[in-house]
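Chemist: Got a predicted structure here, sequence first:
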Amino acid sequence: MTRLTAALLLSASTALATPALAFDITAMTDEEQAAFGAAVRDYLMENPQVLIESINVLEARQAEAGAQNDLALVADNREALFDDGYSWIGGNPEGDLTMVEFIDYRCGVCRQFNQEVFDAVEEDGNIRLILKEFPILGEDSEMSSRFAIAVHQIAGDEAYLRAHDALMEMRAPASMAALKGIARDIDVDADAIEAHMPTEAVTAILRRNRELGETMAIEGTPTFVIGDQMLRGVPRVGVAETITRIRETM
């Protein structure tokens, strides 16, 4: 359904839904239906602001319905989101607000806003940050995510963060040679990481993250869960301002 069609339907339903105006359009003759359609068209042509108002109402209702659905999704999946037992946790581990980010290392927007996310977390000082690998952009995404998870499992949190930053900065294809180069740069055993990347221990995490993403209808990155709210894409007002607004509702 196009925006215009939706708006027309909303306008018509608003006009016809009250008891005083209610009638069955299918009971009209062909001539009456044609006359009615022409009258509606003439009215909308003379009052185009009605279309804009209708579109705004429709979009507001859809946004509210989506927000309510996202609240329910977060509530139903709190353990998998906030306490899965395997995702990297940064910021303040004891923070009063948890922010989860689903990331793809080949996602241009994830790269663009990576520093903004970490700056906002550091500035706030009371945020528990969780990163979840969610590769959706092909083989390079998969390889990068496997590398990051393998580094985390073998070398720990600090090495993972160095790997994360390096992957966000990398513009070359995520070949094994390039990934092993990162491993050497961050002072971890490159051969051990390569051997660990295809293991079930790594695959299981990717599988769980994908299952969670499917459950929560995540179709793109970055996707954030901040407290009980879900943000699909980059916040329009910026990460720090979004955090401030969410805190005001707590």
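Modeler: Yep, it's here.
Chemist: Domain map for the chain?
Modeler: What automatic domain parsing lists as the domains of the chain is 3-76, 78-249.
Chemist: for the chain, what helix or strand is lowest in average pLDDT?
Modeler: The weakest-scoring helix or strand in the chain, judged by mean pLDDT, DSSP states H and E, is helix 3-16 (a mean of 47).
Chemist: Tell me where the chain has helices.
Modeler: In the chain, the helices defined using DSSP state H lie at 3-16, 30-46, 49-76, 78-82, 108-124, 139-155, 157-169, 176-185, 190-196, 200-215, 239-249.
Chemist: Give the bridge partners for the residue most central in space within the chain, please.
Modeler: Nearest residue to the geometric centre of the chain (Cα atoms, centre = their mean): Thr223, 2.4 Å. As for beta bridges, Thr223 partners with Phe102, Arg232 under DSSP bridges.
Chemist: Need the per-residue pLDDT for it.
Modeler: pLDDT recorded at Thr223 is 96.
Chemist: Gly181 versus that one, what's the distance?
Modeler: Noted for Thr223: a distance of 29 Å to Gly181, by Cβ to Cβ, to the nearest Å. C-beta: built from backbone N, CA, C; applies to glycine.
Chemist: try His152
Modeler: 18 Å.
Chemist: Settle it for me: which of those two has more neighbours?
Modeler: His152 (22 against 15; other Cβ atoms under 10 Å).
Chemist: burial measure for Ile154, as a count.
Modeler: 17.
Chemist: In contact with it, which residues?
Modeler: 188-189, 192-193, 196 (Cβ atoms under 8 Å, 6 or more residues apart in numbering).
Chemist: out of the residues you listed, who has the most neighbours?
Modeler: Busiest of these [other Cβ under 10 Å] is Ile193, holding 27 neighbours.
Chemist: I'd like to check which residues are in contact with that residue.
Modeler: 147, 150-151, 154-155, 179-180, 183.
Chemist: Tell me the spacing between the closest residue to Pro135 other than its chain neighbours and Thr221.
Modeler: Excluding the flanking residues, the one nearest Pro135 by Cβ to Cβ, 6 or more residues apart in numbering is Ser141, at 3.5 Å. For Ser141, the distance to Thr221 (Cβ to Cβ) stands at 9 Å.
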